[in-house]
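Novice: here are the coordinates; sequence isn't available:
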DNA sequence: AAGAAGATTCGCT
DNA sequence: GCGAATCTTCTTA
């Protein structure tokens, strides 16, 4: 299964809402890997979240993948998500992880290698990216670090753009 | 040792 | 729209 990433959020170094802010722990250690690795964690007793590390080794920073446009293995993803609605397959970070069968076993995987989970080059370029505040956090609320493809029906949350390019 | 909060989702009203 | 579900981590509320 797979798809095209249409919504992300950035958690840069030193950001008070980021998991790395209080230093390295057993849970967040993979956030401190080199760029392009997976940081997977579990929240609310229900959902896994997938991040891509975004800084050099030793610096904890990452990008949360919040939504993909489903392209490959749609029937399998429908089974994993227990829904037939294409739009709901991977709209939201927990749903995205469920659709791609992502769990803690994929924590620390190299996303630029030939492994169980990887990132590739876009099959179709995103031309219009909108920016808003991040969703579901309580600190650094004012930073405009959520990015999504304008007009995509596969994006979660508010669609009113704060800024675009 | 116990409790609260958390980068959410789902089902019900 | 609201609250429950459900579990890991960090704090001591």
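Specialist: Received it, and whenever you're ready, just let me know what you need. It should be emphasised that the depicted structure is a prediction, and the values quoted were computed from it without experimental measurement.

Novice: How many neighbouring residues does the residue in chain A that DNA strand C sits nearest to have?
Specialist: Closest residue of chain A to DNA strand C, Cβ to the nearest atom of the strand: residue A:45 (2.2 Å). C-beta: built from backbone N, CA, C; applies to glycine. For residue A:45, the neighbour count with other Cβ atoms under 10 Å is 5.

Novice: Could you check how far it is from residue A:90?
Specialist: Look at residue A:45 and residue A:90: by Cβ to Cβ, to the nearest Å, they are 20 Å apart.

Novice: Tell me the spacing between the nearest residue to residue A:32 once chain neighbours are set aside and residue A:50.
Specialist: Leaving out its chain neighbours, the residue that sits closest to residue A:32 by Cβ to Cβ, 6 or more residues apart in numbering is residue A:60, at 4.8 Å. Remark: distance between residue A:60 and residue A:50 (Cβ to Cβ) = 16 Å.

Novice: ok, for the spatially most central residue of chain A, nearest residue in space, not its chain neighbours?
Specialist: Centroid check for chain A by Cα atoms, centre = their mean gives residue A:65 as the closest residue, at 1.0 Å. Nearest residue to residue A:65 in three dimensions, chain neighbours excluded: residue A:50, at 5.0 Å (Cβ to Cβ, 6+ apart).

Novice: neighbouring strands for whichever strand or helix holds that neighbour, and are they parallel or not?
Specialist: Residue A:50 is part of strand A:47-53, with elements assigned from DSSP states H and E. Strands that pair with strand A:47-53, judged by DSSP bridges, come out as strand A:38-43 (antiparallel), strand A:62-72 (antiparallel).

Novice: got TSV for those strands, with mean pLDDT too?
Specialist: Putting the strands paired with strand A:47-53 into TSV (pLDDT from 0 to 100) gives the following:
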stretch	mean pLDDT
strand A:38-43	96
strand A:62-72	97
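
Novice: Look at the residue in chain A that DNA strand B sits nearest to and say how many residues are nearby.
Specialist: DNA strand B sits closest to residue A:136 of chain A, with a gap of 1.8 Å, by Cβ to the nearest atom of the strand. Residues lying near residue A:136 (other Cβ under 10 Å) number 12.

Novice: go on, residue A:41?
Specialist: 17.

Novice: and what of residue A:61?
Specialist: Neighbour tally, residue A:61, other Cβ under 10 Å: 22.

Novice: what do you get for the one 10 residues further on?
Specialist: Other residues within reach of residue A:71, judged by other Cβ under 10 Å, total 13.
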